[in-house]
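In: this one's sequence-less:
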């Protein structure tokens, strides 16, 4: 299985959901329901546009198993063969507009979920590095987090996004499961 970025982001989101459990909840009418499982929606392209099949128990899957699941779901979505049950019950969604060239966008919530992470194209950008403040071109990706402010406050949102970014920036932790 060829490892791509999505499996790392799935694992990073699971870790962030553990650290900021407010994101692993949903509103059902007036009731807040806390979820204690990690079924993540991953947006994939189809002839009819994006659909969001759900990877069940993402916390229990290896990086390779996540990549396999995404590939299988994307292939079935492209052929119009997803079952309705495969599109329901996600706790959180990840959408990768970067595969279409998006540099930055605002992902829209997938109710009743209270959060969605948007990934964007990786492009080289000028970055100040080192103690001597030299400027280097480095590959960078913008992340966009949309959330339901009735469930999650801004501090929790920034904490969640920071956890995702730090986890992806240190992929050896994921590979070694530290």
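Out: Received it, and whenever you're ready, just let me know what you need. All figures in this text were calculated on a predicted structure; none of them were measured in a lab.

In: Remind me which helix or strand the residue sitting furthest away from the middle of the chain belongs to.
Out: Distance from the centre of the chain peaks at residue 132, with 34.7 Å (CA atoms, centre = their mean). Residue 132 is part of no helix or strand when elements are defined by DSSP states H and E.

In: and it, how far is that from residue 126?
Out: Distance of residue 132 to residue 126, given as CB to CB, to the nearest Å: 15 Å. All C-beta spots, glycine's among them, are computed from the backbone N, C-alpha and C.

In: May I ask which helix or strand of this structure has the lowest mean pLDDT?
Out: When the helices and strands of the chain are compared on mean pLDDT, DSSP states H and E, helix 171-175 comes out lowest with a mean of 76.

In: What is the three-state secondary structure of the residue minimising distance to the centre of the chain?
Out: In the chain, the residue lying closest to the centroid (CA atoms, centre = their mean) is residue 94, at 3.2 Å. On the three-state scheme (DSSP: H, G, I helix; E, B strand; the rest coil), residue 94 is labelled strand.

In: tell me the contacts of it?
Out: Counting by CB atoms under 8 Å, 6 or more residues apart in numbering, residue 94 touches 6, 9, 10, 13, 40, 41, 42, 43, 116, 117, 119.

In: What strands flank the helix or strand harbouring residue 41, and is each parallel or antiparallel?
Out: Per DSSP H and E, residue 41 falls inside strand 40-42. Paired strands of strand 40-42, with direction, are strand 54-55 (antiparallel), strand 92-96 (parallel) (DSSP bridges).

In: which one of these lies closest to residue 109?
Out: strand 92-96 (8.1 Å; CB to CB).

In: on that earlier part again, what's the next secondary structure element after the strand holding residue 41?
Out: strand 44-46.

In: what packs against the least confident helix or strand of the chain?
Out: If you count contacts as 3 or more CB pairs under 8 Å, 6 or more residues apart in numbering; DSSP states H and E, helix 171-175 packs onto helix 5-19.

In: I'd like to check the angle between the helix it packs on and strand 92-96, please.
Out: 150 degrees (axes from the mean of the first three to the mean of the last three CA atoms, to 10 degrees).

In: After helix 5-19, which helix or strand is next?
Out: strand 25-28.

In: mind listing what's buried in that next one?
Out: Neighbour-count burial for strand 25-28, counted by 16 or more other CB atoms under 10 Å, picks out 25, 26.

In: Given the helix or strand that it is followed by, what are its sheet partners and their directions?
Out: Later in the chain than strand 25-28, the nearest helix or strand by DSSP H and E is strand 31-34. Strand 31-34 has the following strand partners under DSSP bridges: strand 25-28 (antiparallel).

In: what sits up against the strand it pairs with?
Out: By CB under 8 Å, 6+ apart, strand 25-28 touches 32, 33, 34, 35, 91, 112, 113, 114, 148, 150, 151.

In: Cheers, nothing more for now.
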